[in-house]
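# Need the 3D shape of this:
(one chain, ligands or ions: 2)
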Amino acid sequence: MDIDQIIETLKQKTPEEVEFHQAVKEVADEVVPLVRDHDKYVDARIFERLLAPDRVIQFRVTWLDDGGNVQINNGWRVQYNNALGPYKGGLRFHPNVRLDTFKFLGFEQTFKNALTRLPMGGGKGGSDFDPKGKSEHEVMRFCQAFMQGLYTHIGANRDVPAGDIGVGNREIGYLYGAYKQLTGQHEAVLTGKNPGFGGSCVRKEATGYGCVYFLMNMLAHRDDEIDGKRCAVSGAGNVALYTAQKLVERDAKVITLSDSKGYIVKDDGFSAEELKKIVQLKETENGALGDFDGDGVCYHEGKKPWGEDFDVAIPAATQNEVSGEDMDQMLDGSLKIICEAANMPLEAEARTKAREAGILIAPAKAANAGGVAVSGLERSQNAMHLSWSAKKVDKKLRKIMKQIHQDCVECAEDADKPDYIQGANIAGFKRVAEAMLTYGVI
Ligand SMILES: NC(=O)C1=CN([C@@H]2O[C@H](COP(=O)(O)OP(=O)(O)OC[C@H]3O[C@@H](n4cnc5c(N)ncnc54)[C@H](OP(=O)(O)O)[C@@H]3O)[C@@H](O)[C@H]2O)C=CC1
Ligand SMILES: O=C(O)CCC(=O)C(=O)O
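Numbers count the residues shown, from 1 in each chain. Ligands and ions are numbered 1, 2, ... in the order given. Predicted coordinates:
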């Protein structure tokens, strides 16, 4: 089984799916050597089977804008693999998405969900709809039309979507309302719901908090701590903001945040009070970081934060946001750790450079698994018709992130100085592969 051959075949079959090829290569590099050593995986062609999703659903979304004009978007749901449980993963609304985007995200999600040890398969979906600049009514009508196309394919024990870029609490509310209207059922068909009607406490904060818990576990493994570390965070959405909030709570210094228009920097770190204002600006006022005014805060329009000086880089915006050139800049500074809060945030060249330079990397499928883990806990609460306190959910989240860290350590070659990319991929793959073997050839 030859990795180059696998990638070459994929490229020939789907030349345009460059992000999917990138995600497959990253996993193949770690997992194929293990597969070669196990006849049971080779004979059952487990890795090859994982190179295609179980199912791709594509649908047209037709809706009326405020001017009464007919608007048309594409909708997708990639049901990637359900060996471990119902398909589970977010929905993304962003103008740049393509089927490729959801294939790479669904593939990654399958191994990430396996790492949580909760019964969840992997899936991802969304639309090329751009929520920016749309009125509240337009977003609502779009979500209703999107659910019209999706509802027959999902269900509490079949496929349970959640949020991702461009899909937050507001969109989940409209999507859930539409599902309920179409089916007459209140069921755990979406997570990230409002805690008032079945959502879990701490789901909104979970991805960011989970990243910081994973980072703290990595540091503790090296007798180090988060206190005083200078952290550059990119993004200013759900993941970035709650990562920043938890970092400040743990006495780290958050020196940057960014959005699609530029970045802000404060050399001695944002205070908890300033972060609260930024959360208000981004979450409720729909503002841009350029509008934030704070003592000692500088704004750099159209730029990324990676040229600043920091110990820890936490890319939390989107895929491939860190290029090879960005990595050169980071390596010229004091960079020691990268914690991938976004999915696949490093270009392949950037990741290679960081690994060669000996930078400690927390891969996304481990570091950002806290969000989907609390989604799993939301499913449990819904199944029991119960609602747990924020304290209880947070405690469970910390325990899950610690377990994921431990599993990565145990699956890496060197447990003292673990390569977390290797550990996470092997731990996730083994769990999915073992389940697939027990089902036979299907
Ligand atoms: N939400 C979740 O629970 C989880 C999310 N993730 C991943 O985390 C990442 C962020 O998701 P989330 O925080 O939910 O999304 P949000 O939509 O809440 O925030 C995304 C942020 O990134 C910025 N951004 C988006 N695209 C670009 C781009 N091309 N260039 C520069 N900045 C960009 C946005 O800028 P602007 O504010 O200007 O729009 C925004 O600040 C994604 O990779 C997602 O897949 C992973 C696990 C769980
Ligand atoms: O909570 C979920 O189901 C999905 C989270 C997600 O999309 C992700 O982990 O990338």
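# Can you tell me which residues in the protein are near ligand 1?
Contact residues, the chain versus ligand 1 (CB under 6 Å from any ligand atom): 163-166, 207, 235-240, 259-261, 316-318, 321, 341-343, 368, 371. The way it works is simple: take the backbone N, C-alpha and C, and place the C-beta from them, glycine included.
# Any quick ChimeraX command for the buried ones out of the residues you listed?
Filtering the residues of the chain next to ligand 1 down to the buried ones (16 or more other CB atoms under 10 Å) takes a single ChimeraX command:
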select :163,164,165,166,207,235,236,237,238,239,240,259,316,317,318,321,341,342,343,368,371
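# Can you tell me which of the residues of the chain next to ligand 1 end up in helices?
Thr207, Asn238, Val239, Ala240, Gly371 (DSSP state H).
# possible to save those residues as TSV with pLDDT?
Output for those, formatted as TSV (pLDDT from 0 to 100):
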residue	pLDDT
Thr207	98
Asn238	98
Val239	98
Ala240	98
Gly371	98
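# Most widely separated two among the residues you listed?
The span of those, defined through CB to CB, is set by Ala240 and Gly371 at 12.6 Å.
# will you turn the ones in helices among the residues of the chain next to ligand 1 into TSV that also has distance to Glu273?
Below are those laid out as TSV (distance: CB to CB, whole Å):
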residue	distance to Glu273
Thr207	23
Asn238	20
Val239	21
Ala240	18
Gly371	26
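# Which one of those residues is nearest to ligand 2?
Gly371 (4.5 Å; CB to the nearest ligand atom).
# Would you mark the buried spots in stretch 1-21?
In stretch 1-21, the ones that count as buried by 16+ other CB under 10 Å are Ile6, Ile7, Leu10, Glu17, Glu19, Phe20, His21.
# quick one: the strands in the stretch 1-150 of the chain?
55-64, 70-81, 87-93, 122-127 (DSSP state E, counting those that start in this stretch).
# quick one, which of those strands is nearest to Phe107?
strand 70-81 (5.9 Å).
# Report all helices and strands that that closest one contacts.
Using 3 or more CB pairs under 8 Å, 6 or more residues apart in numbering; DSSP states H and E as the contact test, the elements touching strand 70-81 are strand 55-64, strand 87-93, helix 99-115, strand 122-127, helix 136-150, strand 159-162.
# mind listing what Asp29 touches?
Residues near Asp29 by CB atoms under 8 Å, 6 or more residues apart in numbering: Ile3.
# how far away is it from Lys134?
Here the criterion is CB to CB, to the nearest Å. By it, Asp29 lies 41 Å from Lys134.
# Ok, Lys336 next?
41 Å.
# Next one, pLDDT for the spatially most central residue of the chain please.
Central residue of the chain (CA atoms, centre = their mean): Asn343, 4.7 Å from the mean position. pLDDT for Asn343: 98.
# show me the contacts for the residue nearest to it when sequence neighbours are not counted.
In this structure, Asn343 finds its nearest non-sequential neighbour in Ala364, 5.0 Å apart by CB to CB, 6 or more residues apart in numbering. Residues in contact with Ala364 (CB under 8 Å, 6+ apart) are Glu108, Lys112, Glu340, Ala341, Ala342, Asn343, Met344, Pro345.
# Which members of these additionally contact ligand 2?
Among the contacts of Ala364, ligand 2 is touched by Lys112, Asn343 when using CB under 6 Å from any ligand atom.
# Tell me how this structure divides into domains.
1-52, 55-191, 204-364 (automatic domain parsing).
# in the chain, what residue is nearest ligand 1?
Taking CB to the nearest ligand atom, the chain has Gly237 as its residue nearest ligand 1, at 1.7 Å.
# who's in contact with that residue?
Contacts for Gly237 were tallied using CB under 8 Å, 6+ apart; they are Ile165, Asp259, Lys282, Ala316, Ala317.
# Can you report how many residues lie near Glu410?
12 (other CB atoms under 10 Å).
# where's it relative to Ile264, distance?
40 Å.
# and if you look at Val189?
Distance from Val189 to Ile264, by CB to CB: 38 Å.
# Which one of those two is surrounded by more residues?
Between Val189 and Ile264, Val189 has the larger neighbour count (other CB under 10 Å), namely 27 against 23.
# which bits of the stretch 51-200 of the chain sit near ligand 2?
Lys88, Gly89, Gly90, Gln109, Lys112, Ala162, Asp164, Thr191.
# most neighbours, which of these?
Going by other CB under 10 Å, Gly89 tops those with 32 neighbours.
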